[in-house]
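[1] Let's see this in three dimensions:
(chains A and B)
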Amino acid sequence: MRKLTALILALMMVAGLAAVAQAADLSGQTYAIITKSAGNPYNEREASGFEEVIKAAGANVIVKHPAQITAEAQITLINELVAQKVTGIAVAGNDFDALETALKAAMAAGIKVVSLDSAVNPASRLTHINQAGVVEVAQALVDAAYDLMGGEGEWAILSATATASNQNAWIAAMQELLKDEKYAKLNLVEIAYGDDIYQTSVDETQALLQNYPNLKLINAPTTVGIAAASKVITDNELQGKVIVTGLGLPSEMAEFMGQGSVACPYMFLWNPIDVGRTAAYALLEMVNGELTGALGESFTAANGVTYIVTEAGDKGTEIIIGPPFEFNADNIEDWKTVY
Amino acid sequence: MQINRRRVKLTRDRVFSSRELSLLAILILIVAGIQLRNSTFLSSRSINDMLKNYSTTITLALGMMSVLLIGGIDISVSATLAFSGMSASLLMRDGVYSSTLVMFLVSTAIGTLCGLLVGLVISRGKVLPIIATLGFANIFRGATYIISDSRWVSAYQFDSAFKRFAQTRTLTFGLMNNLVFIALVCYLVFFVVMRWTRFGRRIYAVGSNPEAASISGININRVKLAVYTMAGSFAGLIGAMYTSLYASAQSDMGMGMEMDAIASCVLGGVSLSGGQGGVPGVLLGAMTMTVISKALPLIGISQFWQKAIKGIIILIAIIINVLAQRAIHRNAMRARERQI
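    Have a look, this model is predicted:
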């Protein structure tokens, strides 16, 4: 009997050790995510998805928010992380090229680097995690403009900063699509930049309304911009006369959407939590040695989804998560409490 | 006749100094230039939008002025603004209260406490104002991120009366926007306090010559404490104005606003070494900053140039202002010499 007890105890210890060993497998590893700036709810959701996956895998996670929405602030953080010898870095770039030196140094030190949300140039990353294909987003936004304006009239784009690479890629793709015969009567009068600062975005929206009395639609592919534009339209009681659409977070936009006369009939976004999660899966896979970020590779993550590495518009590679999702009067109430 | 004209001139001097008059001329020139480029600038809607949007920055300049007058500086005000505005918004979101008045009082009270803390460190701890407020700017901003969990308090989470407050004219029964009215009241009260009360005179005394002020029995530390606390109160008040205006509290709100407030004061003739400057000048300086910020998007200048142009206009305005003031001084001196 005593022997049996000892055997069971010994077996339990071995099993326990094995379990510890399995979980401890990654405990020496640290993964970091660098967002675009502190205090942006969208970035916050991305970081939370990243954190969730890395923690579940048993590794350590660092979330870094630069104090300012600049490349300089991000370079400082990257250098810090290299000095700390982290295992992997995911970064939402504030500039396409400016991070190259810092990120190359990180990769030279053996750190796996991916960009997410807003890409850095192909030389600075192994792959890019793209929330949705650039052309898919641009197509959705142009079609929304076409639909909401009844096929003709003046419209404007209210963007974030003039250096945000994701914004610029969408705008360039939209301009390309607008050359189609179908959109010939859509007159894009101005591309304004609200710097993702609420007050500046409000000023820019008011200037658009003043400079273009016939403006029918404002398309803001950024959370701060679309909320600020909707606020101005609502305060001036212009709902229905000037329509707002674009990309925004449901929680910030719930006020301006829904039944009746609202500033924004519908808008698009993807799940920012998924963007963070996918970046985490890709980094874990890279450290395992299963993924290098080369064109044509694929992997199945812990959530059961198979991701494929495809060619990006900038000649690098990317992993696309899915098509943008439409938020409208019917579903906004359900989503506003989610993110 | 002669006496009459002198009396008119005296009353004028009592309200506006020469420097303020030259700034007024510059402001009129800028407005005229913008109006030529875009004829919608002086429409009533545009002016109303402008005053409403910038009532926050305009009011913030007052708190900054009192600090600059004693020869100090406070770069923590925009972080105080964010912290108090965010705290008060979170309480409203969580249903602790729904009254607009309570929200304003809570935000102002939190701002006052922040200012008191800054004032204590500077006056009792003898820390240089720029270092102390730089530290507090980071502390308050960081605290804002922490308490809000880096999330916004969204429009739908605010009480609807609070959101309407910034867009309506209820306080003056239809005369002017509520926020503009608050700014105006602050300016009037401050004008009276700075000019006709013992407290106002003490601030000028400490700023122009601290040793003389100390010898004549003024408790310098107490004045310092009062002034930084006041700057905090203003920041707290503006935290509530800001969240009501945009129906949204963001943890990065108001970033960089302290620089606009300092620029407004300097434009308005407040000396960075203390002791000089008045409320009408600060009002003109703040109006100039407002007009520049509001007008640049309107006159079709490339976005990339706007910031640079803003800086250039501020510099030129200050240089012209200083030169004009010197010329006026020289003329006045000569006139006095002739009289002797």
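[2] ok, A:Trp335 - contacts?
    With contact taken as CB atoms under 8 Å, 6 or more residues apart in numbering or on different chains, A:Trp335 is in contact with A:250-251, A:327. For glycine as for every other residue, the C-beta is placed from the backbone atoms N, C-alpha and C.
[3] Also A:Met267?
    So A:Met267 contacts A:144, A:226, A:244-248, A:253, A:257, A:326-327 (CB under 8 Å, 6+ apart).
[4] let's go with 10 Å and repeat that
    By CB atoms under 10 Å, 6 or more residues apart in numbering or on different chains, the contact list for A:Met267 reads A:140-141, A:144, A:219-221, A:226, A:230, A:244-250, A:253, A:256-257, A:324-328, A:332.
[5] Among the residues you listed, name the ones in strands.
    Counting by DSSP state E, the contacts of A:Met267 place A:219-220, A:244-246, A:325-328 in strands.
[6] Show me just the buried residues among these.
    A:219-220, A:244-246, A:327 (16 or more other CB atoms under 10 Å in any protein chain shown).
[7] So among those residues, where is pLDDT lowest?
    Ranked by pLDDT, those bottom out at A:Phe327 (91).
[8] Touching, that residue and A:Ala254? I think so.
    Yes. Using CB atoms under 10 Å, A:Phe327 makes contact with A:Ala254 at a distance of 9.2 Å.
[9] Residues that sit against both of those two, list them.
    Common neighbours of A:Phe327 and A:Ala254 are listed as A:248, A:335-336 (criterion: CB under 10 Å, 6+ apart).
[10] backbone phi and psi for A:Ile113, please?
    Ile isn't right for residue A:113; it's Val. The phi and psi values for A:Val113, taken as degrees, to the nearest 10, are phi -130, psi 130.
[11] residue nearest the centroid of the chain?
    In the absence of a named chain, chain A is used. Residue closest to the average C-alpha location in chain A (CA atoms, centre = their mean): A:Asp117, at 3.3 Å.
[12] Switch to chain B, please.
    B:Ala61 (1.3 Å).
[13] How about the backbone phi and psi for it?
    B:Ala61 adopts backbone torsions of phi -60, psi -30, taken as degrees, to the nearest 10.
[14] Could you report the distance from it to B:Ser98?
    From B:Ala61 across to B:Ser98, the span is 31 Å (CB to CB, to the nearest Å).
[15] again with B:Leu23
    43 Å.
[16] Residue of the stretch 51-200 of chain B closest to chain A, please.
    Residue of the stretch 51-200 of chain B nearest chain A, by CB to the nearest CB: B:Ala155 (3.4 Å).
[17] burial count for that residue?
    Neighbourhood size, B:Ala155 [other CB atoms under 10 Å in any protein chain shown]: 22.
[18] Look at B:Leu23 and B:Ser98 and report which has more neighbours.
    Between B:Leu23 and B:Ser98, counting by other CB under 10 Å, B:Leu23 is the more crowded of the two (28 against 13).
[19] Tell me the confidence at A:Gly304?
    The per-residue pLDDT reported for A:Gly304 equals 84.
[20] That one sits in which helix or strand?
    For A:Gly304, there is no enclosing helix or strand under DSSP states H and E.
[21] so what's the nearest residue to B:Thr168 once chain neighbours are set aside scoring on pLDDT?
    Of all residues not flanking B:Thr168 in the chain, B:Asn178 sits nearest, at 6.2 Å (CB to CB, 6 or more residues apart in numbering or on different chains). What the model reports for B:Asn178 is a pLDDT of 95.
[22] Also B:Ile3?
    In this model, B:Ile3 is scored at 53, pLDDT.
[23] The one 5 residues further on now?
    In this model, B:Val8 is scored at 55, pLDDT.
[24] Equivalent analysis for A:Leu148, please.
    pLDDT, A:Leu148: 93.
[25] For the spatially closest residue to it that is not a sequence neighbour, give me its contacts.
    Distances taken as CB to CB, 6+ apart put A:Ile243 closest to A:Leu148, at 4.8 Å, once the chain neighbours are dropped. If you count contacts by CB under 10 Å, 6+ apart, A:Ile243 has them with A:144-145, A:147-149, A:155, A:215-219, A:230, A:233, A:262-266.
[26] so which helix or strand takes in residue 241?
    The chain I'm using is chain A. Going by DSSP H and E, A:Lys241 is not in any helix or strand.
[27] not quite, I wanted chain B
    Counting by DSSP H and E, the element that carries B:Met241 is helix B:220-246.
[28] That helix vs chain A: in contact?
    Yes. Helix B:220-246 reaches chain A (CB under 10 Å from any CB of the partner chain) through B:242, B:245-246.
[29] What's opposite A:Ser115 in the beta bridge?
    In this entry, A:Ser115 is beta-bridged to A:Val91, A:His128, by DSSP bridges.
[30] For chain B, see how far away it is.
    Applying CB to the nearest CB, to the nearest Å, the value for A:Ser115 to chain B is 21 Å.
[31] tally of neighbours for that residue?
    Neighbours of A:Ser115 under the rule other CB under 10 Å: 30.
[32] And for B:Ala212?
    11.
[33] How about B:Ile328?
    Residues lying near B:Ile328 (other CB under 10 Å) number 15.
[34] host element of it?
    Using DSSP H and E, B:Ile328 falls within helix B:303-339.
[35] Find the nearest non-adjacent residue to B:Phe136, please.
    Of all residues not flanking B:Phe136 in the chain, B:Ser76 sits nearest, at 4.0 Å (CB to CB, 6+ apart).
[36] For B:Asp260, which residues are in contact?
    By CB under 10 Å, 6+ apart, the contact list for B:Asp260 reads B:54, B:56-58, B:60-61, B:64, B:78, B:254, B:286, B:289-290, B:292-293, B:310, B:314.
[37] of those residues, list those near chain A.
    When CB under 10 Å from any CB is applied, the members of these adjacent to chain A are B:54, B:56-57, B:254, B:293.
[38] Spell out which two among these are the most distant pair, please.
    B:Gly254 and B:Ser293 (13.9 Å; CB to CB).
[39] overlap in contacts of the two?
    A:199, B:57, B:260.
[40] tell me the secondary structure for the second one?
    Spelled out, it's B:Thr57. Classification of B:Thr57 using DSSP: H, G, I helix; E, B strand; the rest coil returns helix.
[41] Skipping its backbone neighbours, what lies nearest it in space?
    Closest residue to B:Thr57 apart from its sequence neighbours, by CB to CB, 6+ apart: B:Asp260 at 5.1 Å.
[42] how near is that neighbour to B:Ile139?
    Distance of B:Asp260 to B:Ile139, computed by CB to CB: 22 Å.
[43] same question, A:Ala98
    In terms of CB to CB, A:Ala98 sits 30 Å off from B:Ile139.
[44] between those two, which one's more packed in?
    Using other CB under 10 Å as the criterion, A:Ala98 and B:Ile139 rank with A:Ala98 on top: 19 against 16.
[45] in what helix or strand does the nearest residue to A:Asp195 once chain neighbours are set aside lie?
    Sequence neighbours aside, A:Thr161 is the residue nearest to A:Asp195 in space, at 5.2 Å (criterion: CB to CB, 6+ apart). Assessed by DSSP H and E, A:Thr161 sits outside every helix and strand.
[46] Now A:Thr161, what are its backbone angles?
    Backbone torsions for A:Thr161, taken as degrees, to the nearest 10, come to phi -90, psi 160.
[47] same check, this time on A:Ser298
    With angles defined as degrees, to the nearest 10, A:Ser298 sits at phi -150, psi 160.
[48] Return the residues in contact with it.
    Taking CB under 10 Å, 6+ apart as the test, what A:Ser298 contacts is A:290-291, A:306-310, A:319.
[49] out of the residues you listed, who's nearest B:Val270?
    A:Ile319 (55.4 Å).
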